[in-house]
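# output the structure for:
(chains A and B)
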Amino acid sequence: MGSYVQQVLLSSGAGAIFAALAIGLVLTYRSSGVINFAHGAIATYVAYTYTSLQNDGDLPVPPLPNPVAPIEGIFGIEIFDFPAFVSMGDGWNQWLALIGALAVAGVLGLVFHFAVFRALRYQPPLTKVVASIGLMLALQSAVVIRFGGSRPPPIQPLLPDSVRADTADVLGTIVPWDRFVLLGLTLVLTACLWALFRFSRFGLHTRAAAENEQYATLMGVSADRQAALSWMLATLLAGSVGILVAPTTSLTPVNFTLFIVPALGAALLARFTSFWVATFSAVGLAMGQNVLLYAEIDQEWFPDLNLDKVLPFAVIVGAMMARGQVLPSRGAVEASRLPPAFLSPWRPGLSLFWIALAAAVIIWGPFDYRTGMTNSMIGAILALSLVVVTGYVGQISLAQLACTGVAAAGLASFGTQAGIPFPIAPLLAALAATGFGLVLALPALRVRGTSLAIVTLASALAIDELVFRGDGWFRIEGVPNREFDDPSLFGIDFGWQSGFPVNGDEIPTPAFGLFVLVVLVLIAIAVVRLRQSKLGEQMLAVRANERAAAGAGVNVAGIKLAAFAIAAFIAGIAGSLNGYKLGAIKIESFDVLVNLSILAFAYLGGISTVTGALYAGTLFSSGIGVVLGEEIVALGRYESYAAGVALAATAVVNPQGIDGFDRAQRERLKQWWRSRRADRVIS
Amino acid sequence: MLEKSRLLRLLAALFVLSVLAGACGDDDGSGEATVAEAVTDTDDGSESPDSEPERSGAENGEEGSGGQTDTPGEPDPDPALAEPIKFPVINMEEGLVAYPETTEALRIMADYYNESLNGIVGHPIEIDLCTAGDDPESAQACAQRFANDDSAPFVFLAGVINSAPVFEVLGPGGVDKPILGHLLWDVPDSLQPGVYSHDPGLLPMAYELIRWAVEEDGVTNLAVLVDDSDLGQATLSVVDFFLAGLGGATLTPVPISVGQADFLAPMTAAGVEKADGLALLIAESAACQTTRDALEALGQGDTPVYVGDWCLGEEFRQAGTAEGWRVVVGQNGALADDPEAEMFRQLYADAGADAPFGLAYSAAAGMDFARQVLEIAIDKATGAIPTSEQIHAAAAEWSGSFFLGPDTMSCPGPAPWVSTCNSAARIVTLEDSKWVAVSDFNKVDVSIFDPLLG
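All right, here's what the predicted structure looks like:
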C-alpha cells in the first residue's frame, strides 16, 4: 500500500506539468475560442530559446522569408541572408535568459493573435484547429532547424540546487521537494488566473467578450485587445512551464506537444472554463497513470495493456459520453460554417482528361513524378474519407489514420499470413477498419465540434496502445515487420515491381500506379454519388443543424454512424494500398502527430469536396505537389516548416481551402467574361 | 474594410511565397539536397582523379583507418578508369527526427579520402545525397531513386529509421543492391540479406551491457527502464532471455513512452531504491540527463547505471551526466586517448566544423568500412567502378577492422543474422570528464539469439 501512496505523491511533478499546460489551454479558449494544439510547441520553442541564451548568449531567429531569394536563385548570387542566431554576448545569467525567453514568448503570443487568430475569430472551430496545427508544425520544425532534432541542449534549472537536492519524507516515502514546488507554483498560477478572471477588470472584460462579444463591444470593451492580452498571457505561461519543467522532463522537439493530450483531457473535463477543475483533473490524471503503471508491475492479475497510457482516453471519452455537452461557444457575432460541399455538374470530358493525365504521368513520367503521383493518389483516398466524415457530416475526426493502420495490419494478417487472396483480403481489412470506425463513432453520438476532435485524438492514442501494440490480428509492433504480398488478380500482377510494357524496368513500374488510379476513381465516383444521394443530403442536413435535421425526420445518430463507417472503410482501403506500396509497415507511421497533419492537409485542399481531396492528396508527404514544388525550390529540411506556415496562412487568407479558392477565382473569371460580353452587346 | 482585407490577403500570400522562396536562401548557410536535387561532393577539381597519389599504400592504411586496416593491394589508378565513384547516401534530414550530423561526417570523411588518399583506389568519392523525412514514403522514394540509378551499384544507408520500406526496394525481393553502413536500429535489420553493417546492432550491445552488469559488476537486482517500442521490446527480450543464464539475477522492467513527463514514478515502480543497478534501455539521448536528475532527486545518485551509446554525447561528457556510468559502445566510442578519434576531431577542426558528436563517429566508421569494401570490389573490377554483384562479393570477402571499431571482423554474419559483420561491443565509462574503456571489445556469438526469433 505504501508504494501506491508513493506513486500518488510522486505524480506531483507530472501532474504539475499537465496542469500548467491545461490551464494555458483553458486561458486561450476562454479568451479567443481557440483550442491551441500549438501550446506545447510554444513551451518547447521558448525553453530552447532559454537554453540558447543561457548557454551561448544567442537568440534564435525563426526561419524568415528572404525577400530577395528569387533574385538570388535566378542569378546565382547571394545578396542577403537572415541570421540563424543573433549573438548577444556570452552566455547569459539564468534570470536574464528567463526574461529574454519570456519576452520572445510574449512576442509569439501577439504575433499569433494579430497574424492568425484575430482573422479567424468568426471562422468555424475546424479552421482554428487547422491554424493551430500549422503553428505547431512550424514551431516544432523551427526548433529542429535551429537546434537539431537529436541533441538535447544542456539546461540550467531555475530552481536552486538546495531545493532540487532536498527530499521530503511523507508517510515514509521519499519525495523530492522540487516536485512539490512545481505543483505549488502551478496551484499559485491557477489561483492567479482564477482571481484575474474573477475579480479584475481584465477578467471581467474577457468574460464579457466571451459571453456576448457584440454586447461587450457596445459597452466599450475591446474584445480584440482582450484576446491579444490573453494570447500573450497564455504564451508567457507556456514558456514559463517549458523553462521550469524542462530539467524535470526531457527537452526534445516533440515532448511538450505529446503532453498536450492529457492536458487536453483535463481541460475538457473543465469544459475549457474552470482553471481549478483543469488543474485538479490534470493532477488526478497523473496520479491515476502512476497508480495504474505500478499496479501493472505489482499485481500479477492486473492486465498488461498499458492502461496507464490509455487512461487519458478513457477519462476523456467517459466524461464526454456522460456529460454529452459541447464546449461553451464564445458568443461571437457570427460564426461561419464549414466550406460548402459543392456539387459540380458532371463533366466527363474534363474528368477523363485528368484521369488520362494522371495515367500518362504514371506510365511515362520521370521516376519522382511516378512515385509522387502514386503517393498523392493514396493520400487523396485518405482525404476522401475525411470529406465524408468531416466535410459532409461536420464531425472532426483525428483518428482516420488509425483506421488505415488497422487495415494495413489486417491485410498483413489476412493476406500474407492467412493466405486469403486479393481482393478479399484488402476488403476484409477495410471492413475491419469499418468496425473500428463504428466504435470511434460512438462518442460522436453525444459529442461534436472540437470536443469530438479531442475525443477522436484520444481514441487514436488508445488504438495505438491497445490494438497496434497488443496481441492479435492488428498488432503492428513486433518482430518481424508486418509484410505484404503483391496484389494479383486473374494472373495479372499489379505490385510496385510487376512487369509493364512501358517503363517496366524501373520501379515503381506503372502497374501499381494504374491500379491505385482505378481504385481512386472508383472511390471518388462513390463519394460523388454519396453526395448526390438522399443519404448525402441527410448528411449535409446533420452538418447544418442537428436539431433541425432531427426535426425533419433525419436519424441523426444513424447518419453519424454511417458516415464514420463509410469514412473508415475508405481509410481502410488507403491503408491497404499503403501496405502494398511500402511492403512493410511500422507503428511510427500511424503516430498521433501525423494524424493531426492529415486533417490539416485535407482541410487545406478543401475538406468538403472530392476535388478538395484530390488537391489535398498532392500536398501529402512525398506527393506530386511536393515533387513539383521541389522543382521550383528545394525546401529540404524547411519542408515541414513551410508546410506549417502555409497551413496557418491558408486558414487565414483562404479558409475555404484550395478548392474553394479555385472555385471563387473561376466564378470571378466567369463574371468578368459575362460582364465584358454584356458591355459589347450594349455598345 | 474591403481594401484592408485585400491588402491582408496580398501580404499573407506574399509572406507564404517568400517563406517558400526563403527556404531556398538557406539562411544559416548549411547545404540542402533532396530527392529532386542531388548534391555531389568531389575534390572540386583541385585534385584530378588521375593525379599522382601522394602517399604510399602503407601510409594510406595508417592514416585511413588508424593503422588497423588490411588495405588490399591498390593498383595504380589507370587514368582512363579513375572516374569518380558515386557514393549514394540516404539520410533523414527533413523531419522532426533528423540526423544532419551524419551527412556532415560523411562529407568530411569523403573530403579527407579524396584529398589525402586519392579517393578509393584513385576514384574520387562523389556523395550523392538523398534526404528523407521521418516518414517511410520519403525513405522508400530515395531507395527507388537509387534502385533505378544504374550508376549507383550500392547504397549507403546513414540515419534511416524507416529501413523496412527501403529493404523492400533494395533487398533480394526488389532491385538487389548491397546496402552498406546501415545502423541496425531494429532486430529485422540484422536479419536482412544484402545489408553489410559495421554496427553490432541492438542485441549484441544489449547482451554485452547486461552481461557486464551481472557477471563483472555482480548486479543481482536490476531495475530496467525500457523504451515502449519494438526496439525496447526486442532489447528486453534479450535481457529476459539471458538473465537466467547470467547468474540468476532478477530484473524489473518498466516501459517508458516517448514524452514521459517525469521519470520518478517509473523509476520507483521499477524498484530502483532496492535494486543494485539501473539499466536505461531507451534510445533517446534526452533521457540520459533526466535519468541522472531523477536518480539524484531520489537520493540514489550512487546507483550503478548501465546505458546504451546514446549517452555518449559531448554535452553529457561536459556536464558529467554519465560520470561513472557503464556505457556499451560498438564502433562509436570516441575515447579520450584514441588516435583515430583525435584524427577525426582534427578533420572537423580543419573543416571549420563544430566538434563531432554522437552519430558522427558512427557515420565515419561506416564510411571507413564502406571504403574498404569498395576497395576490394574495385580490385575485383580491375580498377573500374564495381557492379552490385562485385560489391556483394567484396563485402562477403572483407575482413579486418575499421575506424574506432574492433579488430578482425568479417561479413556476413551467421544465418539468419546475415547483416552482422561486427558483433563486438565494449564497455566504456566517463572518468573525470574523459571517456575511457573499461573492457576490450567482446565478440558476441549472435547465433545465441536464434531462440528469440521463435
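# contacting residues around residue A:514?
When contacts are counted by Cβ atoms under 8 Å, 6 or more residues apart in numbering or on different chains, residue A:514 touches A:359, A:362, A:363, A:494. Bear in mind the C-beta positions are built from the backbone N, C-alpha and C, glycine included.
# on the three-state scheme, it is what?
helix (DSSP: H, G, I helix; E, B strand; the rest coil).
# distance check, it against residue A:33.
46 Å (Cβ to Cβ, to the nearest Å).
# one more: residue B:387?
If you go by Cβ to Cβ, the gap between residue B:387 and residue A:33 works out to 64 Å.
# these two: which has the busier surroundings?
Under the criterion of other Cβ atoms under 10 Å in any protein chain shown, the comparison of residue B:387 against residue A:33 puts residue A:33 first, with 27 against 16.
# would a markdown table of the contacts of residue A:514 with secondary structure, distance to residue B:263 and pLDDT be doable?
Conversion of the contacts of residue A:514 to a markdown table gives the following (DSSP: H, G, I helix; E, B strand; the rest coil; distance: Cβ to Cβ, whole Å; pLDDT from 0 to 100):
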| residue | secondary structure | distance to residue B:263 | pLDDT |
| --- | --- | --- | --- |
| A:359 | helix | 54 | 95 |
| A:362 | helix | 50 | 93 |
| A:363 | helix | 55 | 93 |
| A:494 | coil | 49 | 87 |
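# let me know the closest of these to chain B.
residue A:362 (13.8 Å; Cβ to the nearest Cβ).
# tell me the contacts of the closest one?
A:370, A:373, A:374, A:510, A:513, A:514, A:517.
# which of those residues count as buried?
For the contacts of residue A:362, a burial check counting by 16 or more other Cβ atoms under 10 Å in any protein chain shown picks out A:370, A:373, A:374, A:510, A:513, A:514, A:517.
# helix or strand for the first one, which one?
Per DSSP states H and E: residue A:370 is located in helix A:367-386.
# now do that helix, average pLDDT.
In this model, helix A:367-386 has a mean pLDDT of 93.
# next helix or strand past that helix?
Downstream of helix A:367-386, the first helix or strand assigned by DSSP H and E is helix A:400-411.
# run the chain-centre distance for that next one.
Offset of helix A:400-411 from its chain centre (Cα atoms, centre = their mean, to the nearest Å): 18 Å.
# could you do stretch A:628-639 as well?
Relative to the chain's own centre, stretch A:628-639 is displaced by 22 Å; criterion: Cα atoms, centre = their mean.
# what do you get for stretch B:159-176?
17 Å.
# stretch A:221-241 now?
Here stretch A:221-241 shows a centroid-to-chain-centroid distance of 22 Å under the convention Cα atoms, centre = their mean.
# over to stretch A:156-166?
36 Å.
# buried ones in it?
For stretch A:156-166, by 16+ other Cβ under 10 Å, it's A:157, A:158, A:164.
# lowest-confidence helix or strand of chain B?
Within chain B, confidence by mean pLDDT, DSSP states H and E is lowest for helix B:57-64 among all helices and strands, at a mean of 34.
# only C-alpha atoms, please: export stretch B:278-287 in PDB.
Extracted in PDB, the C-alpha atoms of stretch B:278-287 (Å, rounded to 0.1, in the frame of the first residue of the first chain):
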ATOM      1  CA  LEU B 278      19.600   0.500 -13.200                       C
ATOM      2  CA  ALA B 279      19.600  -0.200 -16.900                       C
ATOM      3  CA  LEU B 280      18.400   2.500 -19.100                       C
ATOM      4  CA  LEU B 281      17.300   0.900 -22.400                       C
ATOM      5  CA  ILE B 282      15.700   4.000 -24.000                       C
ATOM      6  CA  ALA B 283      17.200   5.100 -27.300                       C
ATOM      7  CA  GLU B 284      16.600   8.800 -26.600                       C
ATOM      8  CA  SER B 285      19.600  10.800 -25.600                       C
ATOM      9  CA  ALA B 286      17.400  13.400 -23.700                       C
ATOM     10  CA  ALA B 287      16.600  10.600 -21.300                       C
END
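# for it, give the mean pLDDT please.
84.
# next one: stretch A:503-519
Mean pLDDT, computed over stretch A:503-519, is 89.
# give the residue spans of the chain that score low on pLDDT.
I'll assume chain A. Applying pLDDT under 70 to chain A flags the ranges A:1-2, A:149-152, A:323-337, A:477-482, A:634.
# try chain B instead
B:1-81, B:244-247, B:454.
# please enumerate the helices of it.
Using DSSP state H, the helices found in chain B span residues B:2-25, B:57-64, B:100-116, B:136-148, B:163-170, B:187-190, B:202-211, B:230-243, B:264-269, B:286-297, B:314-319, B:339-350, B:359-380, B:388-397.
# is the shortest one in proximity to chain A?
Yes - applying Cβ under 8 Å from any Cβ of the partner chain, one finds helix B:187-190 touching chain A at B:187, B:188.
# show me the contacts for residue 287.
As the question left the chain open, I've gone with chain A. So residue A:287 contacts A:7, A:8, A:11, A:15 (Cβ under 8 Å, 6+ apart).
# look at chain B instead
A:250, B:225, B:256, B:263, B:280, B:310.
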